[in-house]
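J.: please find the sequence and the predicted model below.
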Amino acid sequence: MTADTQTLREFQEALFERLRNASAEDPARSSRLAFEAGGRSWLMRLDDAQEVVGVAPVTVIPLARPWYRGLVNLRGNLLSVVDLGCLLEGRQTPMGTESRLVLLAERFRLSAALLVDRVIGLRSLDNYEASPAAKPPAIDWIIQSLLASDGRVWHELSIAALAQGSELSRTGA
């Protein structure tokens, strides 16, 4: 095991522990999971995520929509893999060393994970200001768009709206 692998494993374990602790606390608190997908920066509520893991081998499903990457077996559980970048931009996300699967909370009853370009970590909403003009009009599962002090625009993702939308209910061609 290399130093890079150990550092990555420690990061993932620490992030998982913080996600687990946050889900036991008040879900409305201001911390969010930050990640990148489809050329955009995203935030999501901690209680909407069950876990963040590295990308495991994905079994491709023939004739599925391009954003439906297939199924992954994670510790004996089959999860659908939704390529968030492809769903947004129509281009498949390359599965690189920084790519991650964000497992959706069990309460959504989807048995699904979002494939993202990379997970950045936890961010506090206290460090952002609302930026309604930055919200892309074609994406209805964005709760709000926020502007960071460095000028970067972040979009808060509504997993509930995404899960209830027609996109995830239609995986076939």
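T.: Done, it's in. Numbering: from 1, shown residues only.

J.: residues near the closest residue to D126 other than its chain neighbours, how many?
T.: Once flanking residues are discounted, D126 sits nearest to S30: 5.6 Å by Cβ to Cβ, 6 or more residues apart in numbering. C-beta coordinates here come from the backbone N, C-alpha and C atoms, glycine included. As a burial measure, S30 scores 11 neighbours (other Cβ atoms under 10 Å).

J.: and the helices in this structure?
T.: Taking DSSP state H to define them, one finds helices in the chain at 3-24, 84-89, 159-164, 166-169.

J.: report pLDDT for G165.
T.: Looking at G165, its pLDDT reads 71.

J.: from F35, how far out is it?
T.: 19 Å (Cβ to Cβ, to the nearest Å).

J.: who's in contact with L43?
T.: 32-34, 123, 125, 146, 154-157 (Cβ atoms under 8 Å, 6 or more residues apart in numbering).

J.: mind listing the residues bridging to V72?
T.: V58, L79 (DSSP bridges).

J.: surely it meets I61?
T.: No. V72 lies out of contact with I61 (Cβ atoms under 8 Å); the separation is 11.3 Å.

J.: who has more neighbours, these two?
T.: The neighbour comparison of V72 against I61 (other Cβ under 10 Å) goes to V72, with 21 against 15.

J.: pretty sure E106 is touching A49, no?
T.: No. Counting by Cβ under 8 Å, E106 does not reach A49; the two are 10.8 Å apart.

J.: re the thing from before, quick one: which of the contacts of L43 is nearest L115?
T.: Nearest to L115 among these is L157, at 13.7 Å by Cβ to Cβ.

J.: now the closest one: how far from I61?
T.: From L157 to I61 the distance is 24 Å (Cβ to Cβ).

J.: likewise K135?
T.: From K135 to I61 the distance is 32 Å (Cβ to Cβ).
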